[in-house]
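Asker: My questions concern the predicted model and sequence given below.
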Amino acid sequence: MATPDTPGHPDGPRLPVEVRRSARRKRTVSADIRDGVIRVSIPGHFSASQERHWVERMVERMSAKYLAAPALEDDPTALLRRARRLAAQYLGGRGAPARIGWVTNQNSRWASATPAHRSIRLSHKLQGMPDWVVDYVILHEMAHLVEPSHNAAFWELLTSYPRTETAKAFLAGAAFAAQRGLPPTGQDAF
């Protein structure tokens, strides 16, 4: 069920909402933003009032996330151009992916690469981190497209990026904070 545009914030952007009912879903409600649409998934047995309650609650939560996140490359071609620029600048043109994109299902890793498909998936948790940290993660995954394991040849590929060690420390700190429920980092960190 699609609803009319829903305010993300009284003075902010309006995002359309799509409600998905699932017979398999028994108790949980979830939401995400894909292609500028807030998608709310609810159990199929929910009443109309339960649906309204949960949609309103999840739209408020997702709108807050949407407004808090900096504008990043939602356009896959912009993210691919960024990766190719980094590959040219720091990896001698090697490791450029065929596909790169943001995903919401990476909860234990910052990113992953599949050398066979030359694809890179970046965790949405990187969104809002400083550009130099995201650049490091992209470079790290592109290095995996050249050298799959974390051996000496792999780390040698990353020596040309001047903020490798600082970015690794930043990510370790962000992981430490997240494990303890501390507030996330922002663009103003470091």
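Answerer: That came through fine. Note that the structure is predicted; figures quoted are calculated from it, not measured. Numbers count the residues shown, from 1 in each chain.

Asker: Local confidence estimate at Ile120?
Answerer: Looking at Ile120, its pLDDT stands at 96.

Asker: next SSE after the helix or strand harbouring it?
Answerer: Take DSSP states H and E as the rule and Ile120 turns out to sit in strand 119-123. Going down the chain from strand 119-123, the next helix or strand is helix 131-146, by DSSP H and E.

Asker: Dump stretch 105-116 to CSV, restricted to CA.
Answerer: Presented in CSV, the C-alpha positions along stretch 105-116 are these (Å, rounded to 0.1, in the frame of the first residue of the first chain):
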residue,chain,number,x,y,z
ASN,A,105,22.6,-5.6,5.6
GLN,A,106,26.3,-5.3,6.6
ASN,A,107,26.2,-5.3,10.3
SER,A,108,29.6,-6.8,11.2
ARG,A,109,31.8,-5.3,8.4
TRP,A,110,32.3,-1.8,7.0
ALA,A,111,32.3,-3.2,3.5
SER,A,112,32.9,-6.3,1.4
ALA,A,113,34.2,-7.1,-2.1
THR,A,114,33.6,-9.9,-4.5
PRO,A,115,36.6,-10.2,-6.8
ALA,A,116,34.9,-12.6,-9.2
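
Asker: still on that earlier bit, what is the orientation angle of the strand holding Ile120 with helix 131-146?
Answerer: 150 degrees (axes from the mean of the first three to the mean of the last three CA atoms, to 10 degrees).

Asker: From Glu156, how far out is Ala78?
Answerer: Ala78 sits 29 Å away from Glu156, going by CB to CB, to the nearest Å. The way it works is simple: take the backbone N, C-alpha and C, and place the C-beta from them, glycine included.

Asker: same thing with Arg81?
Answerer: Plainly put, Arg81 is 26 Å away from Glu156 if you go by CB to CB.

Asker: got a pLDDT number for the residue minimising distance to the centre of the chain?
Answerer: By CA atoms, centre = their mean, the mean C-alpha position of the chain lies nearest to His124, the distance being 1.5 Å. On pLDDT, His124 comes in at 87.

Asker: Correct me if wrong: Val40 contacts Arg57.
Answerer: No - in this structure Val40 lies outside contact range of Arg57 using CB atoms under 8 Å: 9.1 Å.

Asker: joint contacts of these two?
Answerer: Common contact partners of Val40 and Arg57 (CB atoms under 8 Å, 6 or more residues apart in numbering): Val29.
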